[in-house]
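what follows is a predicted protein model with its sequence.
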Amino acid sequence: MISLILLPVLIPFATFILLLFFRRAVAINQFFAILGALVQLVVSLLILFRVSDQGILVTQLGNWPAPYGITVVADLFSAIMLVMSGLIGLSISIYSVSGLNKNYHKGSFYPLMSVLLMGVNGAFLTGDVFNLYVWFEVLIIASFALLTLGGSKAQMYGGLKYMTINLISSMIFLAAIGLLYGKTGTLNIADLALRMRETESSGMIATTGMLFFIAFGIKAALFPFFFWLPASYHTPPVTITALFSGLMTKVGIYAMIRFFTMIFVQDQQLWQHLLLTIGGLTMVIGVLTAASQYDIRRILSFHIISQIGYMVVGLGLFTVSGVAGAIYFLAHNIITKTNTFLVAGIVNHIKGSFDLKAIGGLYRSHPFIALFMFIPMAGLAGVPPLSGFFGKLLLIIAGFEAHQWLITGVAVLVSLFTMFSMIKIWNEGFWKKQPVTAAVNNKEKVPYTMLLPVIVLALLTIILGVAAEPFINLSTRAADQLINPAEYIQAVLRRSS
Amino acid sequence: MAARYLKPMLLILSLYVLYRGHNVPGGGFIGGLMAASGYILYMMAFGAKATVEQMWIKPFALMALGLTVALTSGFFGPLIGELFMAGQWISVLGVKLGTPTLFDVGVYLTVIAVILVIMIAIFENLETWN
């Protein structure tokens, strides 16, 4: 039997092979890509339901038993992330049917996207640290290609920075894996979780943890390492940026949450100070730099950074409610952030520009579209009752419970600045009159393939907020599994811990 | 002229390296690189266009084929009720064949194809520059 939890990796892989065979046929390509993404989403939902009902699912590749072979394991956190990746994959593959230039369709956009999704799903599912590194490489190689697919000078420039900094991060990651293996003699996450709980804190472990922190921090665009993101994210077409914003930095955060809850349990004081400080700085700097920008894509790119800060703060509290807040916020952010980029794509489609100084009057000309554009932006800013409000509320409550007054105050302030940026986009792009001086091409119609993902994701933002309780319960259970990994260890190693 | 005779020799050598790879140094990746180097040698002598024209399967199709073979090798385990990618072995005339070998064949084909795609891209540029 093929285990259910292998399918999120195998489906994109099979899609990729299929798409390679029909590389030149754009229509067939689109059809199979959407079909593959749909199947993947359905499978991910199935996994989520099954994990929620029956507990953690595990399989061993090639029948090698747990600490020796490669473990594939889905706990609640993995399952939630899989659903998110399936959702983003489906939205983007529908959106890009008309949201992306024909040259991109001929230039292997869909096959590369399948590889990216395979890498992302693999990273979410693996129970082995070295295997995690391999999946990181898979998704990063696919992202290099996607980032520079158009071959324009700006893309090459951004792609070069992105690639260099990511290679450095991979190198640090690999060095950290070496140290970890040297210290513990195992790379299986469950086995590590078991052994690290029996190991005394030492300089070696703190160093290894620090290296992992830097490696994941670069991938997640945390405060001192974030400069590659604004340098590269606004260069490719907005569809590709939307895909990246939903998945790439989030894989870094996923790995960070998994490592610092399950593996590095020593020196929690040190990690708490580090994570809270870095998280706070990331939030503040991201949101302040965003406020000074006038290109929609740049504003949103800087906001990716500031939102990442919230998740790191949630993790840094090291309480179940804090990590639960981080997980809820992560899910909310993947949906909403991707949607804001898709909305920016529609604005560009109508007005032919991303520059807020050159556009305006969208509310008058497209009131219905403007409504669905308002929802993700308000969701990101944290307007109740949308999902962003509950995400921030959970984190702030968790912060007060943990008596971290300062960082919680910062989080509230940053939230106000986020509001400011979103209101700026709304005022400049939708509310004010179209500037007469700027020459823009006014397209009236928006293709329904571009509109559909935006509407669905906007509805999810509402549902996640209005009916927040089951989602909050789910993330609390997921956080509990991470902080008390006995069930995880039991499921993987099949012995009591 | 030497390229014309070296290419088949390199291909045969690469197949040998591919086969011995299971127990001694060798395998799909190295074999694939050797086979690709045969084609690259040919490409240096006769150009990218002539090389692609005399291939039975074009590089992108070869890549897809190789990946299919590698993926298929994983499904023999589940077929007889074991886990995905569990190794299965049969013996044909004293030669041991198994799914890891099949996986290696897939790697071999994919490596050839990927290297060729990259080299063709470089060579086409070189040809336009000269």
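Noted; the coordinates are in hand. Numbers count the residues shown, from 1 in each chain, chains lettered A, B, ... in the order given.

alpha carbons only for contacts and neighbour counts from here, please
OK.

tell me the SS of whichever residue of chain B sits closest to chain A?
Nearest residue of chain B to chain A: residue B:86, at 3.6 Å (Cα to the nearest Cα). The three-state assignment at residue B:86 reads coil, by DSSP: H, G, I helix; E, B strand; the rest coil.

what strand or helix carries whatever residue of the stretch 351-497 of chain A ends up closest to chain B?
Residue nearest to chain B within the stretch 351-497 of chain A: residue A:492 (15.3 Å; Cα to the nearest Cα). Assigned by DSSP states H and E, residue A:492 belongs to helix A:486-493.

same for that helix, what does it pack against?
Secondary-structure packing of helix A:486-493 (3 or more Cα pairs under 8 Å, 6 or more residues apart in numbering or on different chains; DSSP states H and E): strand A:57-60, helix A:189-196.

go through those and name the closest to chain B.
Closest approach to chain B among the helices and strands packed on helix A:486-493 (Cα to the nearest Cα): strand A:57-60, 7.4 Å.

contacting residues around that closest one?
Residues outside strand A:57-60 that contact it (Cα atoms under 8 Å, 6 or more residues apart in numbering or on different chains) are A:3, A:5, A:51, A:66, A:69-75, A:491-492, B:83.

near chain B, which residues of chain A show up?
Applying Cα under 8 Å from any Cα of the partner chain, we find that chain A lies next to chain B at A:1-3, A:17-18, A:20-21, A:59-63.

put together a markdown table for the residues you listed, with secondary structure and neighbour count on each row.
A markdown table is the format used below for these (DSSP: H, G, I helix; E, B strand; the rest coil; neighbours: other Cα atoms under 10 Å in any protein chain shown):
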| residue | secondary structure | neighbour count |
| --- | --- | --- |
| A:1 | coil | 12 |
| A:2 | coil | 17 |
| A:3 | coil | 15 |
| A:17 | helix | 23 |
| A:18 | helix | 20 |
| A:20 | helix | 22 |
| A:21 | helix | 16 |
| A:59 | strand | 24 |
| A:60 | strand | 23 |
| A:61 | helix | 19 |
| A:62 | helix | 19 |
| A:63 | helix | 17 |
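
what's the farthest-apart pair in these?
Maximum pairwise distance in the residues of chain A next to chain B, criterion Cα to Cα, is 31.3 Å, between A:21 and A:63.

any regions of chain B where pLDDT drops low?
B:93-96, B:128-130 (pLDDT under 70).

what segments of it are strands?
Using DSSP state E, the strands found in chain B span residues B:89-92, B:95-98.

the first one pairs with which strands?
To tie it back to what came earlier, the one meant is strand B:89-92. strand B:95-98 (antiparallel) (DSSP bridges).

hmm, residue A:267 is touching residue A:205, no?
No. The criterion here is Cα atoms under 8 Å, and residue A:267 misses it with residue A:205 at 9.1 Å.

okay, the two: which has more neighbours?
More neighbours surround residue A:205 than the other of residue A:267 and residue A:205, with 21 against 15 (other Cα atoms under 10 Å in any protein chain shown).

residues from chain B in reach of chain A?
Within reach of chain A by Cα under 8 Å from any Cα, chain B has these residues: B:60-61, B:63-64, B:67-68, B:77-79, B:81-87.

just checking, residue A:74 touches residue A:50?
No. Between residue A:74 and residue A:50 there is no contact, the gap being 10.0 Å when judged by Cα under 8 Å.

those two: who's more crowded?
Between residue A:74 and residue A:50, counted using other Cα under 10 Å, the more crowded position is residue A:74 (28 against 17).

can you pull up the bridge partners for that one?
residue A:57.

show me the contacts for it.
By Cα under 8 Å, 6+ apart, residue A:74 lies in contact with A:5, A:47, A:51, A:56-58, A:124-125.

now the buried members of those residues.
A:5, A:47, A:51, A:56-58, A:124-125 (16 or more other Cα atoms under 10 Å in any protein chain shown).

ok, back up a step: could you dump the helices and strands packed on helix A:486-493 to a markdown table with mean pLDDT and distance to residue A:478?
Shown next, in a markdown table, are the helices and strands packed on helix A:486-493 (pLDDT from 0 to 100; distance: least, Cα to Cα, whole Å):
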| stretch | mean pLDDT | distance to residue A:478 |
| --- | --- | --- |
| strand A:57-60 | 87 | 14 |
| helix A:189-196 | 89 | 16 |
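
sorry, back to before: nearest to residue A:165, out of the strands of chain B?
Among the strands of chain B, strand B:95-98 comes nearest to residue A:165, with 41.1 Å by Cα to Cα.

residue ranges of the helices in the stretch 251-400 of chain A, please?
Here the stretch 251-400 of chain A has its helices, by DSSP state H, counting those that start in this stretch, at A:268-291, A:296-316, A:320-351, A:362-365, A:367-381, A:387-401.

and stretch A:75-91, what's its mean pLDDT?
Average pLDDT, stretch A:75-91: 93.

so which residues make contact with that stretch?
Contact with stretch A:75-91 is made by A:8, A:34, A:37-38, A:40-41, A:44-45, A:47-48, A:51-52, A:55-57, A:117, A:120-121, A:124-125, A:243, A:246-247, A:327, A:331, A:334-335, A:338, A:453, A:474-475, A:477-479, A:481-482, A:488, as judged by Cα under 8 Å, 6+ apart.

same check, this time on stretch A:339-357
A:95, A:99, A:238-239, A:241-242, A:294-297, A:300, A:359, A:373, A:376-377, A:425, A:428-429, A:435, A:440-446, A:450, A:454, A:457-458.

quick check on these: which are buried?
Neighbour-count burial (16+ other Cα under 10 Å) applied to the contacts of stretch A:339-357 gives A:95, A:99, A:238-239, A:241-242, A:294-297, A:300, A:359, A:373, A:376-377, A:425, A:428-429, A:440, A:446, A:450, A:454, A:457-458.

measure stretch A:456-475 end to end?
Across stretch A:456-475, the terminal residues are separated by 22 Å (Cα to Cα, to the nearest Å).

how close does the residue in chain A positioned nearest to chain B sit to residue A:252?
Closest contact between chain A and chain B, by Cα to the nearest Cα, is at residue A:62 (3.6 Å). To residue A:252, residue A:62 is 28 Å away according to Cα to Cα.
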